[in-house]
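Q: how would this look folded up:
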Amino acid sequence: MKKEADFWEDEDEAVRCGLCAHRCRIKDGKAGICRVRENRGGTLYSLVYGKAASLTPDPIEKKPLYHFHPGTTALSFGTVGCNFRCLYCQNVSLSCGDPEASYLREIPPEDIAKMMKRYDGIAWTYNEPTISYEYSYDVFKLVKGAGGYTVYVTNGYMEKEPLKKIAPYLDAMNIDVKAFSEEFYSKVVGARLKPVLETCKRAYELGIHIELTYLVVPGYNDGAEEVGEFCSWVYDELGENTVVHFSRFHPHHKMRDISSTPAEKMREVRDIAHKKRLNYVYRGNLPANNDTKCHNCSHTVLKRGYFSSSKSVLRDGRCPNCGALIPIIL
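A: Predicted structure coming up:
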């Protein structure tokens, strides 16, 4: 179903989209970088409103979100399109998918909200959620009204006003910080780093729970200096208790000639983060001990499997051993 898009304006026989940091100028009959927001006769439309490519329950730990309602299940939603062009994209069939593809299911927001009631919340994931903003906004309002939680798994390339508008209905975000250099963003994902960092800070200021994911790509963004600068930025701008997930790279799409990240490198980046005084650092896409330990006394407060969590032993949100407040939303 076609729906007029939010956040756009007329501009010299075209329209200017204001949803993401690309701010595409789109001529009549053309779509933006995302491929799913199109100018039709001087009006910008979303081509994926109400269209689902994937809809399945997932443990919240798979997003990954480790400090947000651990042990619960989110209905995970994805459609097609993306405003990045990651050379190593793991979901290229969706990110580069056709919004008119026959396999897309048309599901009204009310039906998505009804499905969610069998679970604990909903996560907009698999492809970039920002580009189906109108659909997610309408669904999230209904989900929040029904007592569920809401999640974006995002590249963080959203503009200020769209984030501010959806914030009352958006509980948590896992934001991919793909690297800590503009060169990487330009060459590997076709975007810029600065807007992503701004989104992280805005989400934090708006009270949205955020966790960051940094995919460690050998020879591209895994240098000790770059990783250290990223960790220092997190500490300075978001705080020592911000959750960081370092994920192991596996070859895919146009970067099949790059080897998987060595396990030793994954330990190295974790150790750098600890030296930069970040309290909660986890490793993904490989077997690892990802239990949550108290930052004050190292007592284990939450045990984890690969995509699961045990029952928390926290007492009123505090470590049962030393009484320190642990930043986990239960």
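Q: What separation is there between the residue lying closest to residue 35 once chain neighbours are set aside and residue 29?
A: In this structure, residue 35 finds its nearest non-sequential neighbour in residue 81, 5.0 Å apart by CB to CB, 6 or more residues apart in numbering. Quick note: C-beta positions are derived from backbone N, CA and C, even for glycine. Here residue 81 is placed at a distance of 17 Å from residue 29 (CB to CB, to the nearest Å).
Q: residue ranges for the helices of the stretch 151-300 of the chain, please.
A: Counting by DSSP state H, counting those that start in this stretch, the stretch 151-300 of the chain has helices at residues 160-166, 182-184, 193-205, 224-237, 263-275.
Q: Quick one: list the elements packing against the shortest one.
A: Counting contacts by 3 or more CB pairs under 8 Å, 6 or more residues apart in numbering; DSSP states H and E, helix 182-184 packs against helix 193-205.
Q: so the helix it packs on versus helix 224-237, what angle?
A: Angle, helix 193-205 to helix 224-237, by axes from the mean of the first three to the mean of the last three CA atoms, to 10 degrees: 30 degrees.
Q: now what about helix 193-205, what contacts it?
A: Residues outside helix 193-205 that contact it (CB atoms under 8 Å, 6 or more residues apart in numbering): 21, 154-160, 163-164, 167, 173, 175-182, 184-185, 210, 212, 233, 237-239, 242.
Q: ok, back up a step: turn the helices of the stretch 151-300 of the chain into CSV, columns for distance to residue 131 and mean pLDDT.
A: Output for the helices of the stretch 151-300 of the chain, formatted as CSV (distance: least, CB to CB, whole Å; pLDDT from 0 to 100):
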stretch, distance to residue 131, mean pLDDT
helix 160-166, 11, 98
helix 182-184, 22, 98
helix 193-205, 14, 98
helix 224-237, 26, 98
helix 263-275, 30, 98
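Q: could you dump those to CSV with mean neighbour count and distance to residue 116?
A: Below are those laid out as CSV (neighbours: other CB atoms under 10 Å; distance: least, CB to CB, whole Å):
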stretch, mean neighbour count, distance to residue 116
helix 160-166, 16, 17
helix 182-184, 13, 36
helix 193-205, 18, 22
helix 224-237, 17, 31
helix 263-275, 16, 34
